[in-house]
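Student: Provide a 3D model corresponding to the input given below.
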Amino acid sequence: MQDKDSLFQKLNRETAQIEWQALQPFFARGQAIRVDSELDLVAVAMAFASDDSAAVQAWMADRRVAPVSEQEAGVWSQTNPQMWAVVVAPFVLIQPGKAH
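Tutor: The predicted model follows:
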């Protein structure tokens, strides 16, 4: 397993902006996970990648990390916003509305 610094750097390099339209297939498969704009997307990706279930469950309990809802997907389908995204298989973590 890679050390935390290497994993952080890898995930940071793999984080990119993408339009919602390109993410819709992941939503359809239940693989799109929304990350609240107040959280660090790469830190959340690190928790997913390193199986830090305590952190992930805490964020999910307060809805700061959650599967993309039908309502969110509907709004984004109409506006096609740019989002930050990073893949942590099998999920794509997305963060709308935050500049990095």
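Student: following the helix or strand bottoming out on mean pLDDT in the chain, which helix or strand comes up?
Tutor: Sorted by mean pLDDT, DSSP states H and E, the helices and strands of the chain end with helix 4-14, the least confident at a mean of 90. Beyond helix 4-14 on the C-terminal side, the first helix or strand identified by DSSP states H and E is strand 16-19.
Student: how about the strands in this protein?
Tutor: Listed in chain order, the strands of the chain (DSSP state E) span residues 16-19, 32-35, 65-67, 82-88, 91-96.
Student: ok, the second one: who's next to it in the sheet?
Tutor: I take that to be strand 32-35. strand 65-67 (antiparallel), strand 91-96 (parallel) (DSSP bridges).
Student: buried set for the shortest one?
Tutor: This points to strand 65-67. Buried residues in strand 65-67, counted by 16 or more other C-beta atoms under 10 Å: Val65. For glycine as for every other residue, the C-beta is placed from the backbone atoms N, C-alpha and C.
Student: averaged pLDDT, it. What do you get?
Tutor: Averaged over strand 65-67, pLDDT sits at 98.
Student: likewise for the longest one?
Tutor: Here strand 91-96 scores 96 as its mean pLDDT.
Student: follow-up on the earlier one: among the strands paired with strand 32-35, which comes closest to Gln31?
Tutor: strand 91-96 (5.2 Å; C-beta to C-beta).
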